[in-house]
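J.: have a look at this prediction, sequence included:
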Amino acid sequence: MARRITYAHLLTKPNPKHVDSLLKFFENGRSKRGTGGFGVEIEHLPVHNGDDTAVSYYEPNGIETLLKRIAPYYDADKEYWENGHLVGLARKGIAVSLEPGGQVECSLGILKTPEELLTIYRAFRRDVDPVLDELGFRLVNYGYQPKSSFADVPVNPKDRYDAMTRYLGRVGQFGPCMMRCSASTQVSIDYVDERDSIDKMRLGTIIGPILAWYFRNTPYFEGEPNPWPLLRQRMWDYLDFQRTNVIPGLFDDRFGWEDYAYDVLSTPLMFADLTHTPEAEGLSGKELHHPAFYENAADVYPDRELNPYEINHIISTHFNDVRLKNFIELRHWDSLPIARAERLTEIIASLFYVPQNRERLESYFEGTREEDVFEAKAMLQARGAQAAPYGQPLEFWKEFLGLEGLLADEPGDPNHPDVFQA
């Protein structure tokens, strides 16, 4: 097997019943089509109209007020409350949730074609924009807050985020920044079997940094011009290496679902979530969500098969560039305006779902190693537009990946942080 050896494996090995639970979860995620279908998540940064500073959940006419005002447009039985506060909404095709710093995430799908993205997203904006106008703020698409520092943004009222703050405030370099001020676009694709999923995860891991360059959208960091060519990559790569970056062993020929399950289950959880664990009934909110600096899943969850909520939580404590759930989640990109998000989804469709394109890419990248991906990512960070990831200049990749028409310059207008300047 392709398993790595880390200190985590020497503490408590994965429970075999937990491993089987993840393998069944992945198996049940198999798509009968495998030739289409997307999920797109776009996170938005809330900023005041007057000065572009961050809007918090708690302030008068803030994020909580926004959610309550748009709640009538969503299904009453799909409202999500925590500690007496509304934190999520859903209806067919759209789910609205919150990231730690009040970032408003709009999850759209399942989409059959990239073109459907714009239609569904417009329905979201049709409901939310008139309310935003009345409340005096807007939702912008940047990878990081344009004016505010992480220290100025309170965490929203989910217990999990208190626990996460306690963990990420003690490891890595960018934990509080990522939680409170960053925003992303993520595209999910399907798979037909284990081999198909691993091949797509490898391909997504290889080309993701290049696509991130062409879809970068972070002019600002902590109220100043952003000093890093790819801030989102920089934040995640320096966050907590045992749960970020490239999946360990992914490029080993023997790598499979069991190896991925073993890695996920062996790593400390960051924080435990026992809200859907029947054996934990009666515990307080802080006990149901607590930091897990050393505890992995076997230390936290009972000796039985895991339920879907527990599985999703365990996987969600890993933030690899590409993440396997019961779908494949590509996580490289900054928050994008809808036209750019649609273009990104079109490119993903072309590269992963058009057989001749995928075969061409897999043939070209045959033999690529984990360290090659690390080198490509480091080169993009160090040399920016002059980088030559995988030995080729960016102009080569622009043509090879079908990115014609995309600008190579950093987007953004400092006077209008919600407008992409084409």
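T.: Received the coordinates, thanks.

J.: excluding chain neighbours, what is closest to Y260?
T.: L324 (5.9 Å; Cβ to Cβ, 6 or more residues apart in numbering). C-beta here means a position set from N, CA and C on the backbone, and glycine is covered the same way.

J.: look up how far Y57 lies from the one you found.
T.: 31 Å (Cβ to Cβ, to the nearest Å).

J.: repeat for K398
T.: 40 Å.

J.: more neighbours, those two?
T.: Shown here are K398 and Y57; by other Cβ atoms under 10 Å, Y57 has more neighbours (24 against 17).

J.: three-state assignment of the more buried one?
T.: coil (DSSP: H, G, I helix; E, B strand; the rest coil).

J.: settle this for me: L135 is touching E64, isn't it.
T.: No. With contact defined as Cβ atoms under 8 Å, L135 does not count as touching E64 (10.8 Å).

J.: what do the two both touch?
T.: The contact sets of L135 and E64 do not overlap (Cβ atoms under 8 Å, 6 or more residues apart in numbering).

J.: check contacts around the residue lying farthest from the centre of the chain.
T.: Within the chain, the residue lying farthest from the chain centre (Cα atoms, centre = their mean) is G282, at 31.9 Å. For G282, the contact set (Cβ under 8 Å, 6+ apart) is empty.

J.: which SSE is L330 in?
T.: strand 328-334 (DSSP states H and E).

J.: which parts of the stretch 251-400 of the chain are helices?
T.: 257-266, 285-288, 297-300, 308-316, 338-353, 355-364, 370-383, 394-400 (DSSP state H, counting those that start in this stretch).

J.: dump those helices to a markdown table, plus mean pLDDT and distance to N217.
T.: Shown next, in a markdown table, are these (pLDDT from 0 to 100; distance: least, Cβ to Cβ, whole Å):
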| stretch | mean pLDDT | distance to N217 |
| --- | --- | --- |
| helix 257-266 | 96 | 29 |
| helix 285-288 | 84 | 36 |
| helix 297-300 | 95 | 35 |
| helix 308-316 | 97 | 24 |
| helix 338-353 | 96 | 7 |
| helix 355-364 | 97 | 24 |
| helix 370-383 | 97 | 15 |
| helix 394-400 | 96 | 17 |
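
J.: of all the ones you listed, which one is nearest D273?
T.: Smallest distance to D273 across the helices of the stretch 251-400 of the chain (Cβ to Cβ): 4.4 Å, for helix 308-316.

J.: just the CA atoms of that closest one, as CSV, please.
T.: Included here for helix 308-316 are C-alpha records, laid out as CSV according to Å, rounded to 0.1, in the frame of the first residue of the first chain:
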residue,chain,number,x,y,z
PRO,A,308,-22.9,9.8,6.8
TYR,A,309,-22.7,13.0,9.0
GLU,A,310,-19.7,11.6,10.9
ILE,A,311,-18.0,10.6,7.6
ASN,A,312,-18.6,14.0,6.0
HIS,A,313,-17.2,15.7,9.1
ILE,A,314,-14.0,13.6,9.2
ILE,A,315,-13.3,14.3,5.5
SER,A,316,-14.2,18.0,5.9
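
J.: run the chain-centre distance for stretch 234-242.
T.: Distance of stretch 234-242 from the chain centroid (Cα atoms, centre = their mean, to the nearest Å) equals 13 Å.

J.: check which residues of it are buried.
T.: 234-237, 239-240, 242 (16 or more other Cβ atoms under 10 Å).

J.: so L98 bridges to which residues?
T.: Beta bridges link L98 to V104, judged by DSSP bridges.

J.: check contacts around it.
T.: 57, 63, 87-88, 104-105, 156, 158.

J.: looking at these, which is nearest Y142?
T.: V104 (13.2 Å).

J.: before we move on, the earlier item: please tell me how far the residue nearest to Y260 sits from I347.
T.: In terms of Cβ to Cβ, L324 sits 21 Å off from I347.

J.: more crowded one of these two?
T.: More neighbours surround L324 than the other of L324 and I347, with 25 against 21 (other Cβ under 10 Å).

J.: any idea how far R202 is from the more buried one?
T.: L324 is 11 Å from R202, by Cβ to Cβ.

J.: same question, V140
T.: 34 Å.

J.: check V104 too.
T.: Taken as Cβ to Cβ, the span from V104 to R202 is 32 Å.
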